[in-house]
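J.: generate coordinates for the sequence data below:
(one chain, ligands or ions: 1)
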Amino acid sequence: MKIIQERKLCIGCGSCVAVCPDYWEMAEDGKSHLLNSKKNPQTGNPELETKEAGCNQEAADICPVQCIRIIK
Ligand code: SF4
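T.: Numbers count the residues shown, from 1 in each chain. Predicted coordinates:
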């Protein structure tokens, strides 16, 4: 599966980092960063291939602007 962050929508609330610190950290620009992600050259969005969604489901559910997507 793939975790995708539509990063331009992120308001830097820190909720994803709070519920899923294994995958997320706050970046210097005040938005969150998906650890080990690669930037999709077409969309510019960070993406991470992973076997299990793990706590990313909680992160996607709690994100107030719904900018974290999980593609199965
Ligand atoms: S929960 Fe959403 S808006 Fe908040 S920091 Fe994470 S990605 Fe950004």
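
J.: from here on, just use CA atoms for contacts and neighbour counts.
T.: Noted.

J.: by contact count, what packs against the longest helix seen in the chain?
T.: Secondary structure of the chain per DSSP state H: the longest helix is helix 56-62. Packing contacts for helix 56-62, counted by 3 or more Cα pairs under 8 Å, 6 or more residues apart in numbering; DSSP states H and E, involve helix 15-19, strand 68-71.

J.: so which residues on the protein come close to the ligand?
T.: 10-16, 31-32, 63-65, 67 (Cα under 6 Å from any ligand atom).

J.: neighbour count and pLDDT for those - can I get that in a markdown table?
T.: Shown next, in a markdown table, are the residues of the chain next to the ligand (neighbours: other Cα atoms under 10 Å; pLDDT from 0 to 100):
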| residue | neighbour count | pLDDT |
| --- | --- | --- |
| 10 | 19 | 98 |
| 11 | 14 | 98 |
| 12 | 17 | 98 |
| 13 | 15 | 98 |
| 14 | 18 | 98 |
| 15 | 18 | 98 |
| 16 | 27 | 98 |
| 31 | 16 | 98 |
| 32 | 21 | 98 |
| 63 | 17 | 98 |
| 64 | 14 | 98 |
| 65 | 13 | 98 |
| 67 | 17 | 98 |
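
J.: show me which of those is closest to residue 50.
T.: residue 16 (16.8 Å; Cα to Cα).

J.: buried set for stretch 22-34?
T.: 23-26, 31-34 (16 or more other Cα atoms under 10 Å).
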